[in-house]
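Trainee: Just the structure for this:
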Amino acid sequence: MVDRIQINVPTYMQLDGQWQIVLPGTVCDVPSAASFTGGTAAPATVVNETAGALASHGKPTPVRNVRTR
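Mentor: Model prediction:
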């Protein structure tokens, strides 16, 4: 299952196969939103949209508003 999430806080994660700091507002598809949306200070929220397919590497894939540092 693929989930579409929006990053809420700067998050160090692998995006499109490369490790980087992803800034708030970035929307990406992830294999599972569970690791991003758990706990009280969730770094991301699930976007109520249909998620696409992940790239062949199977890692989080940028969708729109991609902002990195």
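Trainee: My guess is Ala55 contacts Thr61. True?
Mentor: Yes: counting by Cβ atoms under 8 Å, Thr61 is a contact partner of Ala55 at 5.0 Å. To be clear about C-beta, it is placed using only N, CA and C from the backbone, and glycine gets the same treatment.
Trainee: Pick out whichever of these two has more residues nearby.
Mentor: Set Ala55 next to Thr61 and count neighbours by other Cβ atoms under 10 Å: Thr61 wins out with 20 against 13.
Trainee: re earlier: shared neighbours, Ala55 and Thr61?
Mentor: Asp16 (Cβ atoms under 8 Å, 6 or more residues apart in numbering).
Trainee: can you tell me the average pLDDT over stretch 53-69?
Mentor: Mean per-residue pLDDT for stretch 53-69: 83.
Trainee: Show me what counts as buried in it.
Mentor: Residues of stretch 53-69 classed as buried by neighbour count (16 or more other Cβ atoms under 10 Å): 54, 59-63.
Trainee: between the residues you listed, which is closest to Val9?
Mentor: When the buried residues of stretch 53-69 are compared for distance to Val9 (Cβ to Cβ), Pro60 wins out at 15.4 Å.
Trainee: Verify the contact between that closest one and Gly17 for me.
Mentor: No: between Pro60 and Gly17 there is no contact, the gap being 9.1 Å when judged by Cβ under 8 Å.
Trainee: Any idea what the residue nearest to Arg64 when sequence neighbours are not counted is bridged to?
Mentor: Nearest residue to Arg64, sequence neighbours excluded (Cβ to Cβ, 6 or more residues apart in numbering): Val27, at 5.0 Å. Going by DSSP bridges, Val27 is paired in beta bridges with Gln6, Arg64.
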